[in-house]
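Student: here's a sequence, model it:
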Amino acid sequence: MSFTRIRIILIAAIACLTSASSASAGFLGSTITSQYYAYGTKSGASSTFTADGGAHARFANYFDVTVTDSQIIYDFHAPVVWSASPVSLDRDGLQLRNGNLLTFLDAPSIIGVAINAASNVGRFSAANVTFNSSGIAVDWAGLSFTSASLIVLDLRTAAPPVVAEPPAYALMLGGLTFAAGILRKRRGRA
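Tutor: Model (predicted):
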């Protein structure tokens with residue numbers, strides 16, 4: 001086998017290694033704690049769930065929270081006008097008067113939150129959402145909701161490091177072993 005063919009095999013093995021797929025960057029499988037805040041303090045007990053794309057964290061039959069790989073969905077079941085409230089939470093960049101705090105464990109860092117066009121709550125805006133790398137606070141003091149109201153938030157995360165998958169390592173190791181065998185054979189003839 002020519003040296004050019006050996007180089008091609010080595011280049012192919014290295015290309016497979018560097019183009020290996022990256023680890024998942026989503027929120028599925030993360031542990032999430034939901035806590036409601038109103039009237040200057042926590043309201044009710046917190047609930048903890050694993051993000052699995054299903055509805056969780058029901059609050060007083062008013063809403064459920066669903067966390068998917070890249071979204072948070074608040075699905076309201078009953079009409080309600082959320083009352084005004086003094087500040088109930090103000091720490092680490094998270095602020096709430098009357099609303100819900102979600103904190104994430106074993107999740108990628110949050111670097112951006114946008115309101116999805118599927119949201120249908122009047123006057124709900126970016127001013128109602130604060131976040132940091134591991135939490136999102138959604139404030140709806142003074143807003144009105146119907147039984148068909150939705151708030152859908154799109155999450156952006158920091159890009160995870162590229163991690164080579166085991167098949168890429170196996171392919172590279174096989175190519176290197178093959179090339180080493182050819183080189184040994186050629187040296188034995190010289």
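
Student: can you show me the CA trace of stretch 123-130 as PDB?
Tutor: The C-alpha trace of stretch 123-130 is given here as PDB (Å, rounded to 0.1, in the frame of the first residue of the first chain):
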ATOM      1  CA  ARG A 123     -49.300  42.700  28.100                       C
ATOM      2  CA  PHE A 124     -46.900  39.800  28.900                       C
ATOM      3  CA  SER A 125     -43.500  40.900  27.700                       C
ATOM      4  CA  ALA A 126     -39.800  40.400  28.200                       C
ATOM      5  CA  ALA A 127     -40.100  42.700  31.300                       C
ATOM      6  CA  ASN A 128     -42.000  39.900  33.000                       C
ATOM      7  CA  VAL A 129     -39.100  37.400  32.700                       C
ATOM      8  CA  THR A 130     -35.700  37.500  34.500                       C
END
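
Student: centre of the chain to that stretch, how far?
Tutor: Here the centre of stretch 123-130 is set off from its chain's centre by 20 Å, with CA atoms, centre = their mean, to the nearest Å.

Student: could you check it and say which residues are buried?
Tutor: Judged by neighbour count (16 or more other CB atoms under 10 Å), stretch 123-130 contains these buried residues: 124, 128-130. All C-beta atoms are positioned from the backbone trio N, CA, C, and that covers glycine.

Student: ok, for Thr66, nearest residue in space, not its chain neighbours?
Tutor: Nearest non-adjacent residue to Thr66, counting by CB to CB, 6 or more residues apart in numbering: Ile73, 4.2 Å away.

Student: should've said Gly44
Tutor: Distance criterion CB to CB, 6+ apart; nearest residue to Gly44, sequence neighbours excluded, is Tyr36 at 5.5 Å.
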